[in-house]
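In: what shape does this take:
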Amino acid sequence: MSWMDVLPGSCRRFIVLAAGGLVCLNPHSITTAGTGSAVTMESASAAESVDLFPQKAHLRYAGCFSIEYQGTCKRIKVFNPQHHSEDPFVFVLVARGHAPPSDLPRGAVVVPIPLERIAVFSITWTALFPMLNIEETLVGLAGCEWVSTPEVVSLIRQGRITEFGDGGQGMNRQIDMERLTLLRPDAVMVYGTGIPQFDRHPKLLEAGFKPLINLSHMESTPLGRTEWIKFIAAFFNKEAEAERVFDDIARRYEALAERVRGVSRRPTVFCSTAWRGTWYMPGGGSYTARFLEDAGADYLWRQDSRPGAIPLAIEAVIDRARDAEFWIDTGLCRSLAELRGIDDRNGLFSAFREGKVFNNDARVNAEGGNDFWETGFARPDLVLADLISIFHPELLPDHRRIWYRQLPARSEEER
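Out: Sure, this is the predicted structure:
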C-alpha cells in the first residue's frame, strides 16, 4: 500500500479545459489569467464543423475523468466519483492557433495543445511518458533521485530534466517556484487530495502556472489507474498511441485474471504494517483489493467497501489475520527480523512464522526509489503476474517475479 491509499475520499472534483487560461480551482474563489498564446478568431459554428482530433480516447476502466471532443478543442473533467454533487475541475484543451469555445464553464482552465514542455510533480507517472514517446517533453520532475525509468534517468543525467521539488518526501514535498519558473513549462501535472496543506495547484495558479490535476490514485481498479495514460496523451494528441498501449496491457491483465477466476481454493491474505501505532489496511473497494481478488486470493478486508485505507489498531489486525496464510506489502521492512523489530507482536501472525511474507521492494534504486510505484503503476499486468505466482505458483510456473520477493529471515545488512 502506498501513501496514496490513505487519502480521504472527500476530495474536491476538478474541471480543466485546455486552451491557454489559468483559473483558481477553488469554486468559491475563481481567478483567471490570459491565454499566453495567439489565437485566431473563428465562429463557434466554424469550429464545430471541423474535427482536428480524429484519434479519440475511449475510457473503459477509469472513473475519475472524462474526455469530450468538440472540433478544435477537447474538454476534460476530473472528479471524485464518490462525490457527484461537487463541481468537477474542468480543462479545455484547444488546438494551437485556434480560439477557445465561447461556452467556457466558469472556472475552466484553457490549455493550448499539444504541450511542448511539462513538469511533473510525482514520479508515479514518469513511466507512461516513454510509452507514449513523449519523454523529451519532460523538463522538470519532483523526486529525480527516485526515478527508475531508464529513458527518464538518461534525460536527468544529461541535465535535460531538472529537479523542482523543494525538500520533504511524499505529500510533504514542496515546490521550488523560482526553479520551476526558469523551466518555463507549458503545464505542471500534480495530484489532488482535497487537503489544503498537501494540494499544490492553488499556489501554482497564483504563480501563473497551469496545473493539470491527476487523480489516478483515487481509481478503484489497477486498470483504472493505468488508463490515466489517456489523460496524459490528450494533452499531446497521442490518443492513438495511448489506446494501443493500454489495450495491450488490459488484454494481458484480463487474460491472467481469467486464468485464476476458476481456482478452487483462495488463500487468505492481509497487507501493510502499523505506522505510528495505527495499521492502515487497504479498503475492500481499493485497487489493492482488486489486485488480490484478480490474483486468486481471499483478502480478509474485502467486505469493507471503503476505497481508501482503513485505520486499525494492531490488536484488531491480529484478531482477524492471525491465521492468514500470506502477508504482503510490508513497507520499508526488508526482512522478518526488521518486521519483528518494529513490533514484537508481528511475530504472532502465522504468515510470519511460516515465512510467507512478501514485499514489493525487489527493484529499489540506490536512493531508495521503488520502481513498484513507477513501472508497476504503468504495468498492472506484470504486477498481477507477480501476485499470482505467490498465491498460485502452479498457474505461472515459469514466471520470474519483478517487484515482489519473499522476505528473508535477515537482510544482507543484518547478517
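
In: which stretches in the stretch 51-200 of the chain count as strands?
Out: Per DSSP state E, counting those that start in this stretch, the stretch 51-200 of the chain has strands spanning 65-70, 73-78, 89-95, 97-98, 109-113, 118-120, 138-141, 162-163, 187-191. These are given in chain order.

In: can you flag the weakest of those strands by average pLDDT?
Out: When mean pLDDT is averaged over each of the strands of the stretch 51-200 of the chain, strand 187-191 scores lowest at a mean of 90.

In: show me the contact partners of that strand.
Out: By C-beta atoms under 8 Å, 6 or more residues apart in numbering, the residues outside strand 187-191 that reach it are 4, 111, 115, 118-122, 125, 140, 180, 199-201, 204, 209-215, 217, 232, 235. C-beta coordinates here come from the backbone N, C-alpha and C atoms, glycine included.

In: that older thread, could the strands of the stretch 51-200 of the chain be laid out in CSV, adding distance to Gly369?
Out: As requested, the strands of the stretch 51-200 of the chain are exported to CSV (distance: least, C-beta to C-beta, whole Å):
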stretch, distance to Gly369
strand 65-70, 27
strand 73-78, 27
strand 89-95, 29
strand 97-98, 40
strand 109-113, 29
strand 118-120, 14
strand 138-141, 11
strand 162-163, 13
strand 187-191, 17
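
In: Glu258: which of those is closest?
Out: When the strands of the stretch 51-200 of the chain are compared for distance to Glu258 using C-beta to C-beta, the nearest one is strand 65-70, at 27.3 Å.

In: got the angle between the closest one and strand 89-95?
Out: Here the directions of strand 65-70 and strand 89-95 differ by 40 degrees (axes from the mean of the first three to the mean of the last three C-alpha atoms, to 10 degrees).

In: report the buried residues of strand 65-70.
Out: Phe65, Ser66, Ile67, Tyr69, Gln70 (16 or more other C-beta atoms under 10 Å).

In: direction included, what does it pair up with?
Out: For strand 65-70, the pairing partners within the sheet under DSSP bridges are strand 73-78 (antiparallel).

In: next, the angle from the partner strand to strand 109-113.
Out: Here the directions of strand 73-78 and strand 109-113 differ by 130 degrees (the same axes, to 10 degrees).

In: so how far is strand 73-78 from its chain's centroid?
Out: 19 Å (C-alpha atoms, centre = their mean, to the nearest Å).

In: buried residues in it?
Out: Of the residues in strand 73-78, those with enough neighbours to count as buried (16+ other C-beta under 10 Å) are Cys73, Lys74, Arg75, Ile76, Lys77, Val78.

In: of the residues you listed, which pair is most distant in space?
Out: Cys73 and Val78, at 16.2 Å, using C-beta to C-beta across the buried residues of strand 73-78.

In: the domain parsing of this structure - what is it?
Out: Listed by automatic domain parsing, the domain ranges of the chain are 3-250, 262-406.

In: and of these, who's closest to Leu256?
Out: Using C-beta to C-beta as the measure, domain 262-406 is the one of the domains of the chain that comes nearest Leu256, at 5.1 Å.

In: do you know how far Val92 is from Pro101?
Out: For Val92, the distance to Pro101 under the criterion C-beta to C-beta, to the nearest Å works out to 7 Å.

In: repeat for Ile314
Out: Ile314 is 55 Å from Pro101, where distance means C-beta to C-beta.

In: which one of the buried residues of strand 65-70 is nearest to Arg266?
Out: Scanning the buried residues of strand 65-70 for proximity to Arg266, where the rule is C-beta to C-beta, the winner is Phe65, at 32.7 Å.

In: hmm, that closest one is touching Phe231, no?
Out: Yes - Phe65 lies in contact with Phe231 (C-beta atoms under 8 Å); the separation is 5.5 Å.

In: what sits in contact with each of the two?
Out: Jointly contacting Phe65 and Phe231 under the rule C-beta under 8 Å, 6+ apart are Ile76, Val78.

In: helices of the stretch 301-415 of the chain, start to end?
Out: For the stretch 301-415 of the chain, the helices defined by DSSP state H, counting those that start in this stretch cover 314-321, 336-342, 350-353, 375-378, 380-391.

In: what's the closest of those helices to Thr221?
Out: Between Thr221 and these, the shortest gap by C-beta to C-beta is with helix 380-391, which sits at 8.6 Å.

In: okay, the closest one in CSV with CA atoms only?
Out: Listed in CSV are the C-alpha atoms of helix 380-391, where the atom choice follows Å, rounded to 0.1, in the frame of the first residue of the first chain:
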residue,chain,number,x,y,z
PRO,A,380,-0.6,-3.8,-13.7
ASP,A,381,-0.5,-6.9,-15.9
LEU,A,382,3.0,-7.6,-14.7
VAL,A,383,2.1,-6.8,-11.0
LEU,A,384,-0.8,-9.3,-11.3
ALA,A,385,1.6,-12.0,-12.6
ASP,A,386,3.8,-11.4,-9.6
LEU,A,387,0.9,-11.9,-7.2
ILE,A,388,-0.5,-14.9,-9.0
SER,A,389,2.9,-16.5,-8.8
ILE,A,390,2.8,-16.1,-5.0
PHE,A,391,-0.7,-17.4,-4.4
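
In: I'm done for today, thanks for sticking with me.
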